[in-house]
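**Student:** Any chance you could fold what I've pasted below:
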Amino acid sequence: MSPPDQPPPVRTYRDRAGMRFDYDVCFSFAGEQRHYVGKTAELLRSMGVRVFYDEYEKVNLWGKDYYDHLQMIYQEKAKYCVIFISKDYASKVWTNHERKSAQARALHEKVEYVLPARFDDTELPGILPSIGYIDLRQIGPTELAELIVEKIGQPSDPDSAREPGQARTPPVPRSSKGWWRTMTRSEVIIAAVITGIFAVIAAVIALNPFSSDRGTNRPPIVAASSSSTPGNSITAQSSSTGGLISCPSEKASWYKQPTSLPGLATTSLVFCAVDVNNGQPIIDRLHVSGIIRGRVPHGDVIVLISWQDPSTCSVDGTPGTGQYFYQTQIDPTPSNGYWQFTTADPGQGNQTIRRYIYFALAPPSEIPQLKLDSTALPNDVLELAYITSQGVIPANHHCK
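**Tutor:** Numbers count the residues shown, from 1 in each chain. Just a heads-up that it's a prediction; the model follows:
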């Protein structure tokens with residue numbers, strides 16, 4: 001995975017309560033959980049939230065005294081602090097320093113500042129059992145990011161501290177949670193008119209006699225060739241009409257809409273909802289299929305890569321590996337945008353491990369390296385979107 005772009009210099013600004021913070025939220029976590037935390041940070045950043053995450057602070061931290069600087073960050077510079085609790089967290093010197101700094105701040109405030117999020121049931125000094133927490137064994141980074149946005153409210157506006165004559169920073173996108181609360185009366189009226197227009201258009205489309213292929217019954221998959229042709233356009237044409245097929249409106253519970261990552265914005269690709277195992281319980285093999293539209297950039301191919309979440313485990317309690325596994329290269333071009341994949345090796349007993357299945361762009365030359373399996377991806381592999389899969393978790397299921 002390519003390292004994140006360097007964020008703009010942090011400027012202190014005032015939030016709506018009048019307090020001065022550099023960050024909406026800071027993260028304190030152990031390196032063993034970096035993948036989960038990093039995805040959460042990436043999603044929050046794309047929503048305009050200012051998050052203190054060490055990978056985004058490399059230049060800012062360069063040459064600083066870590067002990068003093070991190071104490072200042074966790075005690076003074078963020079509106080909230082999420083502590084990712086795990087057995088790894090409890091055993092490390094630096095995470096305990098961050099925790100103590102955050103707790104020192106919490107002692108002097110009447111509102112909650114420390115927000116616990118648990119990978120396991122490890123006890124930490126000062127984190128009482130009565131304090132509400134989020135169970136990360138039950139949710140993924142996307143859900144956690146949404147909860148954080150809801151907690152902090154509208155991401156703080158960095159321009160509120162703008163000096164006279166200083167240029168405004170580009171506006172950040174509004175949070176999808178509660179955006180209507182910030183609309184003016186005029187905006188509400190305009191939104192209502194636009195909604196009415198789209199409702200009429202949707203009704204006309206619904207009456208289209210050629211729209212029968214928009215349901216969940218997808219046409220048979222045409223056997224794909226062994227490799228994509230770089231630069232091919234995936235138009236997803238209907239064999240009956242020759243027209244473009246929009247993403248079907250899948251309503252069955254087992255269809256998952258891929259979560260977009262920032263890299264997707266650099267392409268014209270669109271990933272439609274993914275059929276996960278045809279609605280059947282995941283026991284050993286996993287079957288996924290879907291539709292892709294757009295153009296594959298010249299010199300790249302689309303690959304599926306999975307990652308086992310080490311905060312989850314198999315039926316016998318063995319944790320996920322925390323490694324990336326190359327699954328396959330998919331070529332939807334000759335299939336009018338359709339693709340499918342079934343895992344080749346049985347894995348009964350591993351269905352309780354949460355897997356992140358990534359759609360990524362990679363040069364064909366990197367595929368041999370991807371097949372080696374590792375805890376990191378080559379820099380020129382670009383993650384575009386992902387879904388998660390996990391089988392039924394038995395009662396009294398525990399990880400080692």
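
**Student:** Cys399 against Cys313, yeah?
**Tutor:** Yes: contact between Cys399 and Cys313 holds when scored by C-beta atoms under 8 Å: they sit 3.7 Å apart. From N, CA and C alone the C-beta is placed, and that goes for glycine too.

**Student:** Okay, now the unreliable bits of the stretch 251-400 of the chain?
**Tutor:** Within the stretch 251-400 of the chain, the ranges that satisfy pLDDT under 70 run 344-348.

**Student:** And the strands in it?
**Tutor:** For the stretch 251-400 of the chain, the strands defined by DSSP state E, counting those that start in this stretch cover 255-256, 259-260, 270-271, 274-276, 287-295, 301-308, 324-330, 338-342, 355-362, 382-389.

**Student:** now for those strands, which one comes closest to Tyr113?
**Tutor:** strand 259-260 (28.5 Å; C-beta to C-beta).

**Student:** That closest one - contacts with which helices or strands?
**Tutor:** Strand 259-260 is packed against strand 382-389, with contacts defined by 3 or more C-beta pairs under 8 Å, 6 or more residues apart in numbering; DSSP states H and E.

**Student:** thinking again about what came up before, looking at Cys399 and Cys313, which is more packed in?
**Tutor:** Cys313 (22 against 18; other C-beta atoms under 10 Å).

**Student:** if I read this right, the more buried one contacts Gly320, doesn't it?
**Tutor:** Yes: counting by C-beta under 8 Å, Cys313 sits close enough to Gly320 to count as a contact (6.6 Å).

**Student:** Give me the common contacts of these two.
**Tutor:** Residues touching both Cys313 and Gly320 (C-beta atoms under 8 Å, 6 or more residues apart in numbering): Ile353.

**Student:** show me what contacts the nearest residue to Gln257 once chain neighbours are set aside?
**Tutor:** Leaving aside its chain neighbours, Gln257 sits nearest to Ala273 (5.0 Å; criterion: C-beta to C-beta, 6 or more residues apart in numbering). Neighbouring residues of Ala273 by C-beta under 8 Å, 6+ apart: Cys247, Pro248, Glu250, Tyr255, Lys256, Gln257, Pro258, Gly290.

**Student:** Which stretches in the protein count as helices?
**Tutor:** For the chain, the helices defined by DSSP state H occupy 34-46, 58-61, 66-72, 87-90, 93-107, 141-152, 185-206, 367-370.

**Student:** tell me, which of the ones you listed is the model least confident about?
**Tutor:** For these, mean pLDDT drops lowest on helix 185-206, to a mean of 60.

**Student:** quick one, domains of the chain?
**Tutor:** 13-161, 215-389 (automatic domain parsing).

**Student:** re earlier: of the strands of the stretch 251-400 of the chain, give the one that comes closest to His108.
**Tutor:** strand 259-260 (37.6 Å).

**Student:** now what about that closest one, what contacts it?
**Tutor:** With C-beta under 8 Å, 6+ apart, strand 259-260 has contacts from Leu43, Thr142, Phe271, Leu384, Ala385, Tyr386, Ile387.

**Student:** One more pass at 6 Å, please.
**Tutor:** Thr142, Ala385, Tyr386 (C-beta atoms under 6 Å, 6 or more residues apart in numbering).

**Student:** for the nearest residue to the last one once chain neighbours are set aside, which residues make a bridge with it?
**Tutor:** The one in question is Tyr386. Using C-beta to C-beta, 6+ apart and skipping residues adjacent in sequence, the residue nearest Tyr386 is Tyr358, 4.6 Å away. Listed by DSSP bridges, the beta-bridge partners for Tyr358 are Ile305, Tyr386.

**Student:** I'd like to know how many residues surround Ala106.
**Tutor:** By other C-beta under 10 Å, 16 other residues sit near Ala106.
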